[in-house]
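Student: Sharing a model that was predicted from the sequence below.
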Amino acid sequence: MRTWVNLILLTVIGLGLVVCLREIPFGANHIAAAEKPGRHYLTRGVEETGAANTVTSVVVTYRGFDTLGEVTVLFIAAIGLGAVFSTRRKQTGAPPQSASLILRTGCRFLFPLILVFGAYVFVHGHLTPGGGFQGGVIVASGFLLAYLGCADLKVHRRGLSVAESLAGSAFVLAGLAGLALGGDFLMNVPAKGAAHTLFSAGLIPVIYVAIGFKVGSELAGVVADLLERPE
């Protein structure tokens with residue numbers, strides 16, 4: 001019975017791949033189809049979005065709705081992990097091991113520097129490589145270091161939840177502002193300023209700051225769920 005089920009699943013997957021491949025342009029058609037959006041992003045991206053980082057303009061504006069979906073998936077995963085660990089905590093009875101000198105020193109001195117560097121990455125995402133996701137992960141790595149080096153650390157869950165909610169709301173509100181003022185969700189409607197300067201690119205820096213806070217708070221919550229010991 002299992003063999004037949006596997007064969008049916010493989011057949012369905014194969015048919016799906018055949019249908020998808022028939023819709024994908026190849027050869028000259030593929031080159032023409034790929035050059036149109038790519039060339040447009042490279043030649044008109046700075047003019048239309050004000051962002052010197054072309055990758056940022058694509059992620060936050062041209063395909064910003066997809067980015068909202070990615071953030072939502074991360075949020076659901078964090079919520080699911082928290083629910084699982086809240087119902088399956090186990091008392092080990094073993095005393096916590098003290099961290100090494102390197103970890104204790106890193107916890108005391110490097111933690112604030114990591115937070116500052118993460119903030120720098122997502123604030124400058126429209127100018128340099130990086131952005132909200134990268135900066136948020138850097139911030140979460142600071143919390144990971146603090147958990148490993150400081151045994152008595154407890155993350156303020158309510159603060160993380162508030163930061164995550166506000167950041168997500170800011171993202172959605174920015175998208176709705178573009179929809180109301182420009183006719184498209186996440187349309188970059190404000191003044192774009194002078195390219196290659198910090199205060200430029202309209203809504204893009206605001207969105208990246210929101211993404212940075214949201215990703216950082218979500219992943220910090222995941223770290224807390226994985227490493228915190230039950231009372």
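Tutor: Received, thanks.
Student: The longest helix along the chain: what's the following helix or strand?
Tutor: The helix that spans the most residues within the chain, counting by DSSP state H, is helix 157-182. Moving toward the C-terminus from helix 157-182, the first helix or strand encountered (DSSP states H and E) is helix 204-227.
Student: Next, the angle from that next one to helix 157-182.
Tutor: Angle, helix 204-227 to helix 157-182, by axes from the mean of the first three to the mean of the last three C-alpha atoms, to 10 degrees: 150 degrees.
Student: How about helix 204-227, which residues are buried there?
Tutor: For helix 204-227, a neighbour-count test (16 or more other C-beta atoms under 10 Å) marks 204-225 as buried. In this view, the C-beta of every residue, glycine as well, is placed from N, C-alpha and C.
Student: what packs against that helix?
Tutor: Applying 3 or more C-beta pairs under 8 Å, 6 or more residues apart in numbering; DSSP states H and E, one finds that helix 204-227 contacts helix 54-57, helix 64-87, helix 101-123, helix 132-149, helix 157-182.
Student: Show the low-confidence segments of this protein, by residue range.
Tutor: Applying pLDDT under 70 to the chain flags residues 1-7, 9-10, 12-35, 85-97, 151-153, 228-231.
Student: can I assume Val209 is in contact with Gly131?
Tutor: No - with contact defined as C-beta atoms under 8 Å, Val209 does not count as touching Gly131 (10.0 Å).
Student: any shared contact partners between the two?
Tutor: Common neighbours of Val209 and Gly131, using C-beta atoms under 8 Å, 6 or more residues apart in numbering, are Phe122.
Student: Grab the nearest non-local neighbour of the residue nearest to the spatial centre of the chain.
Tutor: Central residue of the chain (C-alpha atoms, centre = their mean): Phe133, 3.5 Å from the mean position. Nearest residue to Phe133, sequence neighbours excluded (C-beta to C-beta, 6 or more residues apart in numbering): Val215, at 5.5 Å.
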